[in-house]
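*Asks:* how would this look folded up:
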Amino acid sequence: MDYLAALKFPFSQPHWKKTLLCSAVCFLIPIVGPIVVLGYLCYVSGAMIRSRQPTLAPAPTPDPSGAIAYQTPRDNEFPPFDFNRFGDYIAHGIWPFLVSLVITIPFLVIFYLIFFTVFFSGAFIQNKAIVISVVLIGALAWFLFVLIVPLFSTPIFLRAKLMQSFKKAFKMSFIIDFSKRVGLLMILNQFFLTVIGIPLMLFGYLTCGIGFYPAMALLMFINTAILVQTYFVYLSRGGEPTPMDASLFSSTTPAAAPSILLPPA
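*Replies:* Numbers count the residues shown, from 1 in each chain. Reported below is the predicted structural model:
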């Protein structure tokens, strides 16, 4: 894993200013905005994966001149954000959004159970030793919870983005295999994203909330870079390739950019 490359990734394209600005503006729109950014990042993920694994792409259709209907981009290439494709981004972002929602709800229930157990134990139990024990157990449970969630959510989220499907995302054999091959790596990724997220969120507070929007956009781009890197590590360890939906190959040919994301093939 190259975490430095993941940090550089949002700024690796000539059009990075426009892309990040448009993504930050989208976050001003409740619910729909994050879906739009997710949809755009589906295209980004597809372009990066296709750059190194063109065999995962649908069979190309020759045009009358005999040329290939789509081109395989080089590493780290992706199309600029285009507000004219707003509806298209929504259509592609809805699947990873729904998957994330389904995964998040039960874990939020667990979180609040832990929170209220710790809160009420401090309010109603007089024995300090018991209260301290409950707090420590609650903190440990939350720590384990944060580490374990990615083991389930990452492979499901990946399949939802690439296959553009809700049902196909929940393939148990893939989830188990993905967790076995890159489970420790996903935990390290989560720790890295948490560390990176702290200064970005502080930036949001220091700017009276305005900075939250570009911070969230940056985190989503960094997370996308890490997700793609993790997927290639998984494949290098004998993992099962995930077929990509043909609609991810309908975007315009992206502009060239320096190769900083992926290791040499």
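
*Asks:* what ranges do the helices span in the protein?
*Replies:* Under the criterion DSSP state H, the chain contains helices at 3-8, 16-26, 32-52, 86-124, 128-163, 172-206, 212-236.

*Asks:* how big is the angle separating the longest one from helix 32-52?
*Replies:* The one in question is helix 86-124. On the basis of axes from the mean of the first three to the mean of the last three C-alpha atoms, to 10 degrees, helix 86-124 is oriented at 110 degrees to helix 32-52.

*Asks:* so helix 86-124 versus helix 16-26, what angle?
*Replies:* 60 degrees.

*Asks:* in helix 86-124, what counts as buried?
*Replies:* 86, 88-90, 92-97, 99-100, 103, 111, 114, 118, 121 (16 or more other C-beta atoms under 10 Å). All C-beta atoms are positioned from the backbone trio N, CA, C, and that covers glycine.

*Asks:* packed most tightly, which of the helices of the chain would that be?
*Replies:* Greatest average neighbour count among these goes to helix 32-52 (a mean of 23), per mean count of other C-beta atoms under 10 Å.

*Asks:* what mean pLDDT does that helix get?
*Replies:* For helix 32-52, mean pLDDT is 89.

*Asks:* what helices or strands is it leaning on?
*Replies:* Counting contacts by 3 or more C-beta pairs under 8 Å, 6 or more residues apart in numbering; DSSP states H and E, helix 32-52 packs against helix 16-26, helix 86-124, helix 128-163, helix 212-236.

*Asks:* dump the first one to CSV, keeping only the CA atoms.
*Replies:* Only the C-alpha atoms of helix 16-26 are listed here, as CSV (Å, rounded to 0.1, in the frame of the first residue of the first chain):
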residue,chain,number,x,y,z
TRP,A,16,-8.4,18.6,-9.8
LYS,A,17,-9.5,22.1,-8.7
LYS,A,18,-12.7,21.9,-10.7
THR,A,19,-13.4,18.3,-9.6
LEU,A,20,-12.9,19.0,-5.9
LEU,A,21,-14.8,22.2,-6.0
CYS,A,22,-17.8,20.5,-7.7
SER,A,23,-17.6,17.6,-5.3
ALA,A,24,-17.6,20.1,-2.3
VAL,A,25,-20.6,22.0,-3.7
CYS,A,26,-22.5,18.7,-4.1
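
*Asks:* circling back to that earlier point, could you export the helices of the chain as JSON lines, including distance to residue 243?
*Replies:* Formatted as JSON lines, these follow (distance: least, C-beta to C-beta, whole Å):
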{"stretch": "helix 3-8", "distance to residue 243": "25"}
{"stretch": "helix 16-26", "distance to residue 243": "27"}
{"stretch": "helix 32-52", "distance to residue 243": "11"}
{"stretch": "helix 86-124", "distance to residue 243": "15"}
{"stretch": "helix 128-163", "distance to residue 243": "7"}
{"stretch": "helix 172-206", "distance to residue 243": "11"}
{"stretch": "helix 212-236", "distance to residue 243": "13"}
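
*Asks:* to residue 245, which of the ones you listed lies closest?
*Replies:* When the helices of the chain are compared by C-beta to C-beta, helix 128-163 sits nearest residue 245, at 5.6 Å.

*Asks:* low pLDDT regions in the protein?
*Replies:* 52-78, 118, 121-126, 131, 250-265 (pLDDT under 70).
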